[in-house]
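Student: no sequence on this one, just coordinates:
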């Protein structure tokens, strides 16, 4: 086994994947809702270190067919650097069929379409991308200021390159004051792009970060109750009209209600499920 640089995170869907730390930390690391990498400085790990970890994992798990490249946004690596990692990984794991990665809004925007196509050709199949909110007003207040257009451009490039895209949205991240704006602007973005998977999480703040988070809302931030969170979930689903088939989940540990379906086929059922809980239990 390899000695990971802790803390180590991966998406829920990567529970059975080989995890290789191509980077340590997050290249942006300023979002006020996130504490995942606050204890780390961002580092692109040398190829020889990454290759050694791949060798060690291949010795014990040589039949593995999925790999996740950590940490927070390994797509920040130079494209040639990532290609060398991908080539080495596929050589060492003959049954490997999927390699996935976290992508930030910023580094995905910075990659060209040709770079993304080349990465897909070399076996980078899936990116995980946190939209969080489609509202620029909200994004500024959570210190993740990127425009809707840049987010759409980056995601559309990844789709055109042939990659699968898993997007997350955070319910409650805008508080009560900006709740309606948050949901409407987020749905608007998702109705303009093509993605593969969509998940909603509910805002969870660590105690030591609450003050900094609330300060950016001019001290007016009010946390949503469980009922208000589910009302956001319902409104969001009602507004979604995706351009293609999207697999939807709300089964993260933060969610007060687990939902699963395919949009747009299951939209009415999902809305009805949320409505039933709101009307009968809250």
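Tutor: On my side now, so go ahead. Everything quoted here is computed from the prediction, not taken from an experiment. Numbers count the residues shown, from 1 in each chain.
Student: Just the buried residues of the host helix or strand of residue 227, please?
Tutor: Per DSSP states H and E, residue 227 falls inside helix 226-239. Within helix 226-239, the residues that qualify as buried are 228-238, counting by 16 or more other CB atoms under 10 Å. (Each C-beta comes from the backbone N, C-alpha and C, glycine too.)
Student: Let me have those in a markdown table, adding pLDDT and distance to residue 252 as columns.
Tutor: What follows is those, written out as a markdown table (pLDDT from 0 to 100; distance: CB to CB, whole Å):
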| residue | pLDDT | distance to residue 252 |
| --- | --- | --- |
| 228 | 98 | 18 |
| 229 | 97 | 13 |
| 230 | 98 | 14 |
| 231 | 98 | 18 |
| 232 | 98 | 15 |
| 233 | 98 | 12 |
| 234 | 98 | 17 |
| 235 | 98 | 19 |
| 236 | 98 | 15 |
| 237 | 98 | 16 |
| 238 | 98 | 21 |
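Student: now, which of the residues you listed sits nearest residue 270?
Tutor: residue 237 (5.3 Å; CB to CB).
Student: which residues in the stretch 1-150 of the chain form strands?
Tutor: For the stretch 1-150 of the chain, applying DSSP state E, counting those that start in this stretch gives strands covering 18-21, 23-24, 43-44, 66-70, 98-103, 124-132.
Student: Tell me the strands beside the last one, with direction?
Tutor: The strands beside strand 124-132 in its sheet (DSSP bridges) come out as strand 98-103 (parallel), strand 164-171 (parallel).
Student: Repeat that for the first one.
Tutor: Sheet neighbours of strand 18-21, with direction, are listed as strand 66-70 (parallel) (DSSP bridges).
Student: Now render the strands of the stretch 1-150 of the chain as TSV, adding mean neighbour count and mean pLDDT.
Tutor: Shown next, in TSV, are the strands of the stretch 1-150 of the chain (neighbours: other CB atoms under 10 Å; pLDDT from 0 to 100):
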stretch	mean neighbour count	mean pLDDT
strand 18-21	21	98
strand 23-24	22	97
strand 43-44	15	96
strand 66-70	24	98
strand 98-103	23	97
strand 124-132	23	97
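Student: Distance to residue 194 for the ones you listed - can I get that in JSON lines?
Tutor: JSON lines is the format used below for the strands of the stretch 1-150 of the chain (distance: least, CB to CB, whole Å):
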{"stretch": "strand 18-21", "distance to residue 194": "28"}
{"stretch": "strand 23-24", "distance to residue 194": "27"}
{"stretch": "strand 43-44", "distance to residue 194": "30"}
{"stretch": "strand 66-70", "distance to residue 194": "23"}
{"stretch": "strand 98-103", "distance to residue 194": "16"}
{"stretch": "strand 124-132", "distance to residue 194": "13"}
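Student: and of the ones you listed, who's closest to residue 244?
Tutor: It is, among the strands of the stretch 1-150 of the chain and with distance given as CB to CB, strand 124-132, at 15.9 Å.
Student: quick one: contacts of the closest one?
Tutor: 11, 31, 33, 75, 82, 86, 97-105, 108, 138-139, 142, 144, 151, 155, 158, 163-170, 173, 186, 189-190, 196 (CB atoms under 8 Å, 6 or more residues apart in numbering).
Student: Endpoint to endpoint, stretch 162-181 covers what distance?
Tutor: 31 Å (CA to CA, to the nearest Å).
Student: ok, residue 163 to residue 131 distance?
Tutor: Counting by CB to CB, to the nearest Å, the gap between residue 163 and residue 131 amounts to 16 Å.
Student: I'd like to know which elements the lowest-mean-pLDDT helix or strand in the chain is packed against.
Tutor: Every helix and strand of the chain was ranked by mean pLDDT, DSSP states H and E. The lowest is helix 210-215, at a mean of 90. Packing contacts for helix 210-215, counted by 3 or more CB pairs under 8 Å, 6 or more residues apart in numbering; DSSP states H and E, involve no helix or strand.
Student: what about 10 Å?
Tutor: helix 136-141 (3 or more CB pairs under 10 Å, 6 or more residues apart in numbering; DSSP states H and E).
Student: Pass me the low-pLDDT residue ranges in the stretch 101-250 of the chain, would you?
Tutor: Within the stretch 101-250 of the chain, no stretch has pLDDT under 70.
Student: Swap in 90 and give it another go.
Tutor: Within the stretch 101-250 of the chain, the segments meeting pLDDT under 90 span 105, 206-212, 218-220.
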